[in-house]
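Undergrad: sequence plus the predicted model coming up.
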Amino acid sequence: PVLFLIWIIYQDLSRPIAEIEPSTLIEDRALMLPQGMLIFHVRPDKGREKGTQRLPNLLSWSERLPGDAKVVILDLTDVTQLDANAAYELRAALDRLEAEGRRLVVAGVSRDQYEQLRKAGAGERLDPNSACPDLELAIARGMVLLG
């Protein structure tokens, strides 16, 4: 048991969990984002910015979203590595949101990262049109989905 606890501590120190922050773009009146769209950014843990970081529990995060959010944009621009665990987290959030009649658009995903996610098990759930290389395209996709 002691070795297991040491291993858990080592995992947390070597690959901390990133944080999800609501975007300040929602408050920007110049953009005029429609009602029903929320934007979140995945940011590295401020206390430990070096090295790769794991995605947080996206299923738990998706359960706390406001009920009026029909399209949720998750900006992964600052995430450098998407592994099998990230794919499972993303798949769980996609399943949850889809069951509630909502849509998830992922921003900041390159073609290579999308292929990594697809091969790791999230690809069949993540619509290629909803995996955007930058936030602007993700917002445009979100507006199309709302319309």
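TA: Noted; the coordinates are in hand.

Undergrad: so how far is the longest strand seen in the chain from its chain's centroid?
TA: The longest strand of the chain (DSSP state E) is strand 37-43. When C-alpha coordinates are averaged (Cα atoms, centre = their mean, to the nearest Å), strand 37-43 and its chain have centres 8 Å apart.

Undergrad: buried ones in stretch 138-147?
TA: 138, 139, 141, 142, 145 (16 or more other Cβ atoms under 10 Å). The way it works is simple: take the backbone N, C-alpha and C, and place the C-beta from them, glycine included.

Undergrad: adjacent strands (with direction) for the longest strand of the chain?
TA: Strand 37-43 sits in its sheet next to strand 19-22 (antiparallel), strand 71-75 (parallel), going by DSSP bridges.

Undergrad: of those strands, which is nearest residue 126?
TA: Of all the strands paired with strand 37-43, strand 71-75 sits nearest to residue 126, with 10.9 Å by Cβ to Cβ.

Undergrad: measure the residue nearest the centre of the chain to residue 144 for me?
TA: Compute the mean C-alpha point of the chain, and by Cα atoms, centre = their mean the closest residue is residue 74, 4.1 Å away. From residue 74 across to residue 144, the span is 17 Å (Cβ to Cβ, to the nearest Å).

Undergrad: if we can go back for a sec, as a whole number, average confidence for the longest strand of the chain?
TA: The average pLDDT within strand 37-43 is 89.

Undergrad: give the buried residues for the helix or strand that comes right after it.
TA: Note on strand 37-43: by DSSP states H and E, the next helix or strand toward the C-terminus is helix 58-63. Under the neighbour-count criterion of 16+ other Cβ under 10 Å, helix 58-63 has 58, 59, 61, 62 buried.

Undergrad: same check, this time on stretch 87-107
TA: Buried, per 16+ other Cβ under 10 Å, within stretch 87-107: 87-94, 96-97, 102-107.

Undergrad: please save the CA atoms from the helix or strand harbouring residue 6 in PDB.
TA: Following DSSP H and E, one finds residue 6 within helix 2-14. Extracted in PDB, the C-alpha atoms of helix 2-14 (Å, rounded to 0.1, in the frame of the first residue of the first chain):
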ATOM      1  CA  VAL A   2       2.800   2.400   0.800                       C
ATOM      2  CA  LEU A   3       4.400   1.800  -2.600                       C
ATOM      3  CA  PHE A   4       1.100   2.400  -4.300                       C
ATOM      4  CA  LEU A   5       0.700   5.700  -2.500                       C
ATOM      5  CA  ILE A   6       4.200   6.700  -3.500                       C
ATOM      6  CA  TRP A   7       3.400   5.800  -7.100                       C
ATOM      7  CA  ILE A   8       0.200   7.900  -7.000                       C
ATOM      8  CA  ILE A   9       2.200  10.900  -5.700                       C
ATOM      9  CA  TYR A  10       4.900  10.400  -8.300                       C
ATOM     10  CA  GLN A  11       2.200  10.400 -11.100                       C
ATOM     11  CA  ASP A  12       0.700  13.600  -9.800                       C
ATOM     12  CA  LEU A  13       4.100  15.300  -9.600                       C
ATOM     13  CA  SER A  14       5.300  14.000 -13.000                       C
END
